[in-house]
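Asks: Give me the fold of what follows.
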Amino acid sequence: MQVSIGFGKSTVSLDIPQNHPTQVLVPNEVALGLTGVAEVRRALDKPIDSPHIGEIVKPGETVAIVTSDITRPLPSKLLLPSLLEELYAAGIRREDVFIAFGLGSHRRHTEAEMRYLVGDDVFESVRCIDLDTEDCVPVGHTKFGTRVDVFRPVVEADRRICLGNIEFHYFAGYSGGAKAIMPGVCTHDAIQENHSMMVQAAAKAGAIDDNPVRQDIDDVLNLISVDFILNVVLDEKKQIVNAVAGHPITAHRAGCAFLDTLYKCEIEKRADLVIVSPGGYPKDINMYQAQKALDNAKHAVREGGIVLWIASAKEGLGEPCFERWMTQYKPEFMVEEIGRNFELGGHKAAAIAMVLQKARIFFVSNLDADFVRSVNLEPYADAQTALDAALATLGQDASVIVMPYGGSTLPFAKG
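Replies: Numbering: from 1, shown residues only. Below is the predicted model:
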């Protein structure tokens, strides 16, 4: 079987011998209705478990719209015009609305990046601000004990509306919903307390009801109210194929249910070999970004199997704390240390270490082979050579699963 895998801004081809049973995981065929901005407008017109946004806000109130930063694929510029139109029609003045970018632990934006995210018209008419972790106020503790400090302007607004993109998250279950608040506009310490629960077995992609990280995130809504959400699901081409609006929990869950129909892929059993790629540029620009695809692959590989991870990573590891953990610590230490001393950035290194506890990782990249070995991965410069080596190791009857969109598709085995 011939398969093509994204690698940087190009592709690599693999020839999998016919004697190896092979399954290729791609998004499921789902009947779509409206798409793009039309779908956003439909969601606003039919909010879930919530009044229309125009019935929630009142003239004279201040409105905070919390949206994603430049590291996320959310097309805010396609959501904001329709939402603002609804607010203005309800009597909200432009000067009483502001857009807060939920940076979480990420860097601040340039003006050009803000303008790109929201579009020129919105940027020039609505105040846009980045999270300032030095200007946060305590709102209380969650039932898990997480102290929550939130960006002061968001706390002081009369109304809060959260935008988001729903996709699988490797330890919070799903993105979107209340994640705009936690970690979006919270302090570093609050985020660390929440994310430290990632080492628990129930903190995994596609899990909600028993996921401690997601439960902690949602419990923040008992400390600071969110009046309305507008979340979208994107296809592999980053086009809006579903939108949900309304109640911050039930609307979010409806979006998660749609995501499952699109990207949750059933497998008969875990495979001996899993070939995974984030899908190419920009998702594989560095190892930090490409890690998500590797984490999804761990749900498809058997204990003692091999993951063939294909990612250019031409810009290296991609984050200072992640680099320190990857280059200075052994995998077994990472897994133990992240539970004792959680560090943002280090958490992704620990996630890779958790995969290494289960399977070998053959890494096809643009990185130097000696450097790859130094971070506990097995280097290959050529994908076909890596495939041949993996199959030779696993035997002539080895089963194969291919994940060309590894960051999006989530495998689950029957039973």
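
Asks: all strands of the stretch 301-415 of the chain, in order?
Replies: All strands of the stretch 301-415 of the chain, identified by DSSP state E, counting those that start in this stretch, fall at 301-310, 360-364, 378-380, 400-403, 410-413.

Asks: and the fourth one, C-alpha only, in PDB?
Replies: So that's strand 400-403. Extracted in PDB, the C-alpha atoms of strand 400-403 (Å, rounded to 0.1, in the frame of the first residue of the first chain):
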ATOM      1  CA  VAL A 400       0.100  -1.200  10.900                       C
ATOM      2  CA  ILE A 401      -2.100   1.900  11.500                       C
ATOM      3  CA  VAL A 402      -1.400   5.100   9.600                       C
ATOM      4  CA  MET A 403      -2.400   8.500  11.000                       C
END
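
Asks: what domains does the record give for the protein?
Replies: 2-26+268-413, 36-263 (automatic domain parsing).

Asks: With mean neighbour count and mean pLDDT as extra columns, can I get the ones you listed in JSON lines?
Replies: Any C-beta I mention is one placed from the backbone N, CA and C, and that applies to glycine too. Listed next are the domains of the chain as JSON lines, based on neighbours: other Cβ atoms under 10 Å; pLDDT from 0 to 100:
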{"stretch": "domain 2-26+268-413", "mean neighbour count": "19", "mean pLDDT": "94"}
{"stretch": "domain 36-263", "mean neighbour count": "20", "mean pLDDT": "94"}
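
Asks: what about stretch 141-157, how long is it end to end?
Replies: End-to-end distance for stretch 141-157: 20 Å, by Cα to Cα, to the nearest Å.

Asks: To clarify, my last question referred to stretch 310-330.
Replies: 22 Å.

Asks: From here on, call the first residue 31.
Replies: Shifting the count to begin at 31 puts that one at stretch 340-360.

Asks: ok now it, how far from the chain's centre?
Replies: 18 Å (Cα atoms, centre = their mean, to the nearest Å).

Asks: Same check on stretch 38-45?
Replies: So, by Cα atoms, centre = their mean, the centroid of stretch 38-45 is 24 Å from its chain's centroid.

Asks: what do you get for stretch 356-366?
Replies: With Cα atoms, centre = their mean, you get 23 Å for stretch 356-366.

Asks: what's the closest of the strands of the stretch 331-445 of the chain to Ala383?
Replies: Taking Cβ to Cβ, strand 390-394 is the member of the strands of the stretch 331-445 of the chain nearest to Ala383, at 10.3 Å.

Asks: what helices or strands is that closest one leaning on?
Replies: strand 331-340, strand 408-410, helix 413-424 (3 or more Cβ pairs under 8 Å, 6 or more residues apart in numbering; DSSP states H and E).
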